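K.L.:
Please find the sequence and the predicted model below.
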Amino acid sequence: MRINRLILLALIPLALFSCQNSYVPKPRGYYRIDFPVKEYRLFDTTFPYTFEYPVYAKIVRDSSRMAEPYWINIVYYSYNAQLHISYKPISKNLASYLNDAHTLVNKHIPKANAISQREYIDSAEKVFGLVYEISGSDAASTYQFYLTDSTKHFVRGALYFDLVPNNDSLAPVIDFLKKDVEHMITTFRWKKR
């Protein structure tokens, strides 16, 4: 009986101090993303336009059934993202292309918190356009633009991710890719034919 009391007295402090570190669930986290150094190369082919794009992206021809000549996708395999680029020659139909560009941006209104737009003007190179930033955690495309010379050429671009939108967690990647698209726009040139 005396041994039982000694064992009991020894177990009581052990039981009291052993429960000090109880389990606390940790908040859900996201993987750390290491971004490559910004470096660009020139896209200069038989297409009617040229621009610089990142070395960590790959340009592939658009293979969708609606694709037309000079349509490409700039694919960011590491981020499951694509920048879709479509080209249309202008022949008295610029108003129609501009209307289509606005309509495609406005389709994101139900999921967007805000859509801001800003003009892009490079008078020396005759590159004019609008850039749209679409914010909202469920917006399918967060960045779109169109560029034109107002007489012969029209290009539209849209950045999409190949996954269910959760733009709050994608924000660092979106910001990183936006800088690449901005660089592409500022280096965009029409080829003289």
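P.N.:
Perfect, thanks for sending it. Numbers count the residues shown, from 1 in each chain.

K.L.:
Give me the next element, helix or strand, following the helix or strand of the chain with the lowest mean pLDDT.
P.N.:
The helix or strand of the chain with the poorest confidence is helix 2-18; it has a mean of 71 (mean pLDDT, DSSP states H and E). Next helix or strand after helix 2-18 toward the C-terminus (DSSP states H and E): strand 40-43.

K.L.:
and the helix or strand following that following strand, which strands flank it?
P.N.:
Per DSSP H and E, strand 40-43 leads on to strand 49-54 as the next helix or strand towards the C-terminus. Applying DSSP bridges, strand 49-54 is found paired with strand 40-43 (antiparallel), strand 189-190 (antiparallel).

K.L.:
Can you list the buried residues in strand 49-54?
P.N.:
Y49, F51, E52, Y53, P54 (16 or more other CB atoms under 10 Å). Heads up, the C-betas are built off the backbone N, CA and C, glycines and all.

K.L.:
Check the fourth one and give its pLDDT.
P.N.:
Right, Y53. The score at Y53 is 97. That number is its pLDDT.

K.L.:
any idea how far I33 lies from P48?
P.N.:
Here I33 is placed at a distance of 35 Å from P48 (CB to CB, to the nearest Å).

K.L.:
neighbour-wise, which of these two wins?
P.N.:
Comparing I33 with P48 by other CB atoms under 10 Å, the one with more neighbours is P48, at 16 against 11.
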